[in-house]
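Colleague: Return atomic coordinates for the entry below.
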Amino acid sequence: MGTFVRIVQGVWEKTPTGEWRFDENPALEGETVLIKPEDSYEGLVEMIRIRLNLGVLTPVALTYQLPDWMLLPEGPRTPPITLSADKDVETMLSVREYMTEPVMYVTSEPELVVKYQFLCRTPFKIGENSFLGEGITKEQHHHAIKGIYFCSSKRYSFTMLDMLFNEHQLLIVYRVSLEIEMVYAPSNEEREEFFRLTVDDMISIVEGEPLSTEEERNNVPNEEVIVKIMILTRILCNS
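Modeller: Prediction:
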């Protein structure tokens, strides 16, 4: 026997006070899917891709949140739960009886998935190098990011015109850009306002064209930072 679960598309946000809230995309229609306890995680992802018409390489994050009374003592500061394995599907369905309406949150596209992973401080890898692993302090992580940043800017140069990223590669592009921005942000206030960098913005800057006039598209770092980010991503995608 399965459970009908409502699908909501958007991205998780974390307020300055540490509270999590899901920012639903009002332009996208809601969907309902039938999920069974024996469904595999990969099978669930494939079903979501088909239902939402997502590409095979489009990154997807599937999450859910427990009922309010189960979030004590942290309340809304409790991070959402991310599905990543078969057992997570069964666990999500096991708490359905405590929910008025079972909901699964879907985040797709590279920059949005990375934003969520960044806020969760999810470990990630660049080639054989791991970041934010168990036992790594904040200072050690910042030192590692700075080391990559300076090393790449000294050893490599290229132009945007010969770059071609697929959506999977963009996960690393966006993630590293956020990590660099966090490390080099001059103040705590600026660290709260992480940019959302798009490929179109990077191309415009390299080619000397103005950025989009839309306010949300102009929240990007200066040209020097962007160029060095692209130097780094060229290394990552060729590694």
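
Colleague: host element of residue 106?
Modeller: In this structure, residue 106 sits in strand 103-108 according to DSSP states H and E.

Colleague: Hey, what's the angle from whichever helix or strand comes after that strand to strand 103-108? Just curious.
Modeller: Downstream of strand 103-108, the next assigned helix or strand under DSSP H and E is helix 110-120. Interaxial angle, helix 110-120 versus strand 103-108 (axes from the mean of the first three to the mean of the last three Cα atoms, to 10 degrees): 120 degrees.

Colleague: who does the very next helix or strand once past helix 110-120 pair up with?
Modeller: Next helix or strand after helix 110-120 toward the C-terminus (DSSP H and E): strand 124-126. Sheet pairing of strand 124-126 (DSSP bridges) gives strand 129-131 (antiparallel).

Colleague: after the biggest strand by length in the chain comes which helix or strand?
Modeller: Counting residues, the longest strand found in the chain (DSSP state E) is strand 3-14. Heading C-terminal from strand 3-14, the first helix or strand you meet, by DSSP H and E, is strand 20-24.

Colleague: picking that back up, mind listing what the strand holding residue 106 pairs with, with the direction of each?
Modeller: strand 3-14 (parallel), strand 60-64 (antiparallel).

Colleague: what's the spacing between residue 60 and residue 103?
Modeller: Separation of residue 60 from residue 103 (Cβ to Cβ, to the nearest Å): 16 Å. The C-beta positions use only the backbone N, C-alpha and C, and glycine is treated the same way.

Colleague: Residue 88 now?
Modeller: For residue 88 relative to residue 103 (Cβ to Cβ), the value is 15 Å.
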